[in-house]
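> Coordinates only, no sequence provided:
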């Protein structure tokens with residue numbers, strides 16, 4: 001291995017440097033081919049800490065793409081690219097797949113809806129992949145499901161009839177079989193969750209008013225619903241702009257005022273009698289799948305109706321939601337009420 005002329009970086013060093021105004025100039029030399037060969041540990045530290053940085057120099061992408069070909073950095077390089085669906089990123093992943101046949105690349109390409117991932121995902125389903133869960137494979141297959149998936153899915157189910165992910169496999173199989181027959185499945189009928197948009201907006205307003213009374217001098221940078229619709233449990237959460245790292249925070253469990261205002265909604269009253277229908281999604285259950293647009297519309301209305309005008313807000317003030325074990329999904333930016 002070549003000897004590096006650059007000082008080694010720890011994770012702490014990388015975390016500090018990636019947010020510097022000249023971070024690209026400081027850290028790009030560590031990601032050249034020669035520097036990576038000499039010191040892959042520093043390169044990995046940079047990639048791990050670069051991933052959560054939302055606003056960064058546009059030159060990073062071109063620097064990261066060649067690293068997909070490096071076996072020691074491929075995973076962290078993909079992580080640092082952050083699920084980007086730009087044509088340049090998808091082309092780089094697709095070009096690397098025939099060479100590496102890496103499950104993480106195939107899954108990333110499938111999740112982006114790129115059909116070039118299909119043969120690789122089906123091969124992983126057939127042969128097994130130690131570094132990829134069946135759930136991840138099925139989730140990546142869902143956007144690009146095709147008739148070619150029927151036989152591999154049937155074989156997987158025959159070998160794994162009691163697997164926890166067998167239900168998701170059957171969901172994908174139904175779609176693939178319908179496409180093979182020339183009769184795609186009709187959309188799953190959505191429950192009438194529409195009244196909950198107004199209920200969520202009302203609870204958001206109530207939380208904002210209560211927050212002003214409880215913390216009149218606090219400056220906040222984000223609002224989010226912590227949502228568990230199947231359990232009928234919700235909470236309004238707010239984060240302090242003064243908390244270190246708050247401006248980039250996406251885990252609402254770390255908010256300064258997580259679960260500030262808790263409430264319940266009678267979600268099951270809209271489901272009718274009998275068993276809950278199968279979900280049209282691998283990612284979510286039936287209730288969670290159809291509740292996402294409800295939460296989004298509620299967040300968008302809260303951003304526009306003046307609900308947060310009484311608070312001290314740091315801009316941009318982000319409004320979103322998250323399901324358990326999920327990062328915040330941003331739905332809107334607060335707009336001053338005119």
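That came in fine, so what should we check first? What you see is a predicted model; the values in this text were computed from it and never measured.

> now for the strand or helix carrying residue 91, which elements pack on it?
Residue 91 is located in helix 87-100, with elements delineated by DSSP states H and E. Using 3 or more Cβ pairs under 8 Å, 6 or more residues apart in numbering; DSSP states H and E, the elements in contact with helix 87-100 are helix 60-64, helix 74-81, helix 103-111. All C-beta atoms are positioned from the backbone trio N, CA, C, and that covers glycine.

> what distance separates it from the centre of its chain?
Chain-centre distance of helix 87-100: 21 Å, with Cα atoms, centre = their mean, to the nearest Å.

> Next, the angle helix 103-111 makes with it.
Interaxial angle, helix 87-100 versus helix 103-111 (axes from the mean of the first three to the mean of the last three Cα atoms, to 10 degrees): 140 degrees.

> Identify each buried residue in helix 87-100, please.
By neighbour count on 16 or more other Cβ atoms under 10 Å, the buried set for helix 87-100 is 89-90, 92-94, 96-97, 100.

> And the helices in this protein?
Secondary structure of the chain, counting by DSSP state H: helices at 11-17, 23-27, 33-38, 40-50, 60-64, 74-81, 87-100, 103-111, 118-127, 134-141, 150-159, 166-181, 195-214, 286-304.

> tell me what the first one is packed against?
Applying 3+ Cβ pairs under 8 Å, 6+ apart, one finds that helix 11-17 contacts helix 23-27, helix 40-50.

> Let's have these in TSV, adding mean neighbour count, distance to residue 139 and mean pLDDT.
Converted to TSV, the helices and strands packed on helix 11-17 look like this (neighbours: other Cβ atoms under 10 Å; distance: least, Cβ to Cβ, whole Å; pLDDT from 0 to 100):
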stretch	mean neighbour count	distance to residue 139	mean pLDDT
helix 23-27	17	32	93
helix 40-50	22	23	93
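
> could those helices go into a markdown table alongside distance to residue 190?
Shown next, in a markdown table, are the helices and strands packed on helix 11-17 (distance: least, Cβ to Cβ, whole Å):
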| stretch | distance to residue 190 |
| --- | --- |
| helix 23-27 | 45 |
| helix 40-50 | 39 |
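
> Can you get me a residue count around residue 278?
14 (other Cβ atoms under 10 Å).

> Next one: the spatially closest residue to it that is not a sequence neighbour from residue 91, what distance?
In space, and not counting its chain neighbours, residue 278 is closest to residue 171: 6.2 Å by Cβ to Cβ, 6 or more residues apart in numbering. For residue 171, the distance to residue 91 equals 30 Å [Cβ to Cβ, to the nearest Å].

> From residue 174, how far out is the residue lying closest to residue 133 once chain neighbours are set aside?
Spatial nearest neighbour of residue 133, excluding adjacent residues (Cβ to Cβ, 6+ apart): residue 165 at 7.8 Å. To residue 174, residue 165 is 15 Å away according to Cβ to Cβ.

> No more questions from me, cheers.
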